[in-house]
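**Q** below: sequence and its predicted model.
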2 protein chains.
Amino acid sequence: MKIGLIAGGGQFPLLFAKKAAQKGISVVAAGFASETDPGLAKEVSVFQWLYLGQISRLVKYFKRQGVHEAVMLGTIEKTSIFKDIRPDFKALTFILKTGGSHDDAILTRFADLMKTQGIEIRPSTFLLPELLSPAGCWTQRPLDSAEQQDAYQGWKLAKAVGKLDIGQCIVISNGTVLAVEAIDGTDATIRRGGDLSRGNGCVVIKLSKPQQDLRFDLPATGCETIRTMAASGATALVLETGKSLSFDREKMVALADEYHIAITALTEQDIP
Amino acid sequence: MKIGLIAGGGQFPLLFAKKAAQKGISVVAAGFASETDPGLAKEVSVFQWLYLGQISRLVKYFKRQGVHEAVMLGTIEKTSIFKDIRPDFKALTFILKTGGSHDDAILTRFADLMKTQGIEIRPSTFLLPELLSPAGCWTQRPLDSAEQQDAYQGWKLAKAVGKLDIGQCIVISNGTVLAVEAIDGTDATIRRGGDLSRGNGCVVIKLSKPQQDLRFDLPATGCETIRTMAASGATALVLETGKSLSFDREKMVALADEYHIAITALTEQDIP
């Protein structure tokens, strides 16, 4: 078996490549300068650097290598769309067709486009279902009652903001929204919200968008999230069961326990 | 005639006091340390410093001075609610009753509470209707077609975010939301969005919330808004006709023209 890997940044592409190797699956990877870890090249069968926007080159590369299914995973800095993008003709046609605006719609349409080229985009977690967040409280300390209230209210707000396709994360404290993620990313949002809470603590809520195609761009957290929270005074993290990724979960929970941070994963049904 | 003035920061309380004096209205003012301009004391008949949260003291002060109607205007840093607030017994009861959370609901309920004490809260603009933003394009340069598209899309997003009671301002560029105001305030949001646009320009949209009580806390802009926009690379400002305040409008427009920034005021009916 052979699979294409359209690889963004972070450890997810490496984890995927290693798991695929374990299972005897051959990985044909495409990476992007200033996004993808160069170390990925050593973990895959074939590796090719591309620029963001080179859809034709990507399709030709996969076809040449006999790839019929692929995953798209890892982070792409959203602000990258303002700098190092080099759309080729296929990409330009694609951008014109989609209007070039909405985040999630674009990924889904990109997957549709790939399918017309004979390449099926599979869910990013199909080899690593263990990365999906399990239900319930993960830490020694559960959310206290004020944090629980913020979790419920913040869940609704984060889903509503996600529905507007603005971002996946909000920071809330005692019913007041301190920060909303837009293009700046989760860590910047946590830092901003934490600073604005002025030592009163706050709850970080990071959820999938209601209209999100669960094949790609699931909300992800890990040790770095906990370190950022600790440094900025955030006290609790709320994730979505089965619809978010958590990396290095054991280390992440140990770190959270050390900082007395509570982590819980909820589902829509938990929200009163 | 005599009117109470619950005065936040900025120039609005001073403008109000001067206009009242011109009309022979006697002003009984309450100011808050670290918010209100101390110069206000000289412009009013009676002045008293209070701490945020001293509702009983405020009511007693107004009653003693024979005040039966009042306005509430000027800025209160939202982050102040995390620091220098000294709620008295009436305020605590009030906070418990309102659940202490929602911004706009709280102001309306505060006005209701004042009414039960015999003090009617009037719209902040009743002496200064000229501060309300007039319809149309104010600057030499109108919005270009990309900015116009962002204005329309951003209007809907800003109204939706406002409906969630999160904030009044968003920054958008080519259909992508760069920044959403939460508790951090408009200038910080403009700076963040402008920086994230990386020199590609962006549109700042600042609107009233749909459920907003128009008696207080209308979205306000002025010369400082334009300076912040210029410094961070924002190219156009969209306001709401009749439901937003603009201070020093002549200077503000001259400054915008200097920086080649476009300003326009729209209404719900303008949005396709």
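**A** Thanks, I have it. Numbering: from 1, shown residues only, chains lettered A, B, ... in the order given.
**Q** near the nearest residue to A:L128 once chain neighbours are set aside, how many other residues are there?
**A** Distance criterion CB to CB, 6 or more residues apart in numbering or on different chains; nearest residue to A:L128, sequence neighbours excluded, is A:K19 at 5.6 Å. C-beta here means a position set from N, CA and C on the backbone, and glycine is covered the same way. Using other CB atoms under 10 Å in any protein chain shown, A:K19 has 15 other residues around it.
**Q** can you check the one 3 residues further on too?
**A** Neighbour count of A:Q22, defined by other CB under 10 Å: 9.
**Q** for the residue nearest to A:L128, give its distance to chain B.
**A** Distance of A:K19 to chain B, given as CB to the nearest CB, to the nearest Å: 33 Å.
**Q** right, and that residue touches A:L127 too?
**A** Yes. Counting by CB atoms under 8 Å, A:L127 is a contact partner of A:K19 at 4.8 Å.
**Q** chain B contacts on the stretch 101-250 of chain A?
**A** Taking CB under 8 Å from any CB of the partner chain as the contact definition, the stretch 101-250 of chain A meets chain B at A:101-103, A:153, A:157, A:160-161, A:164-167, A:170-171, A:174-180, A:182-184, A:192-193, A:196-198, A:200.
**Q** quick check, the residue nearest to A:L128 in a strand?
**A** No. A:K19: not assigned to a strand; according to DSSP: H, G, I helix; E, B strand; the rest coil it is helix.
**Q** mind listing the strands for chain A?
**A** Counting by DSSP state E, chain A has these strands, from start to end: A:2-7, A:26-32, A:46-50, A:69-73, A:120-121, A:136-137, A:169-173, A:176-180, A:203-206, A:220-221, A:236-240, A:245-246, A:262-266.
**Q** re earlier: quick one: the residue nearest to A:L128 and A:I263, what's the gap?
**A** According to CB to CB, to the nearest Å, A:K19 and A:I263 sit 24 Å apart.
**Q** same question, A:G53
**A** From A:G53 to A:I263 the distance is 37 Å (CB to CB).
**Q** so between those two, which is more surrounded?
**A** A:I263 (27 against 20).
**Q** output the lowest mean pLDDT helix or strand found in chain A.
**A** In chain A, no helix or strand scores lower on mean pLDDT, DSSP states H and E than helix A:89-98, which sits at a mean of 61.
**Q** now the closest residue to chain B within the stretch 151-272 of chain A. Its backbone dihedrals?
**A** Across the stretch 151-272 of chain A, the shortest distance to chain B (CB to the nearest CB) belongs to A:G175, at 2.9 Å. Main-chain dihedrals, A:G175, degrees, to the nearest 10: phi 80, psi -10.
**Q** got a pLDDT number for it?
**A** With respect to pLDDT, A:G175 scores 89.
**Q** doesn't A:Q153 make contact with it?
**A** Yes. Counting by CB under 8 Å, A:Q153 is a contact partner of A:G175 at 6.0 Å.
**Q** neighbour count: the two, which is higher?
**A** More crowded of A:G175 and A:Q153, by other CB under 10 Å: A:Q153, with 21 against 17.
**Q** and the more buried one, how close does it get to A:K42?
**A** Counting by CB to CB, the gap from A:Q153 to A:K42 is 46 Å.
**Q** now do A:K156
**A** On the measure of CB to CB, A:K156 and A:K42 end up 45 Å apart.
**Q** okay if I get the strands of chain A as TSV plus distance to B:F110?
**A** Shown next, in TSV, are the strands of chain A (distance: least, CB to CB, whole Å):
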stretch	distance to B:F110
strand A:2-7	54
strand A:26-32	52
strand A:46-50	57
strand A:69-73	50
strand A:120-121	53
strand A:136-137	37
strand A:169-173	21
strand A:176-180	16
strand A:203-206	26
strand A:220-221	38
strand A:236-240	30
strand A:245-246	42
strand A:262-266	33
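**Q** of the ones you listed, give the one that comes closest to B:R109.
**A** strand A:176-180 (15.7 Å; CB to CB).
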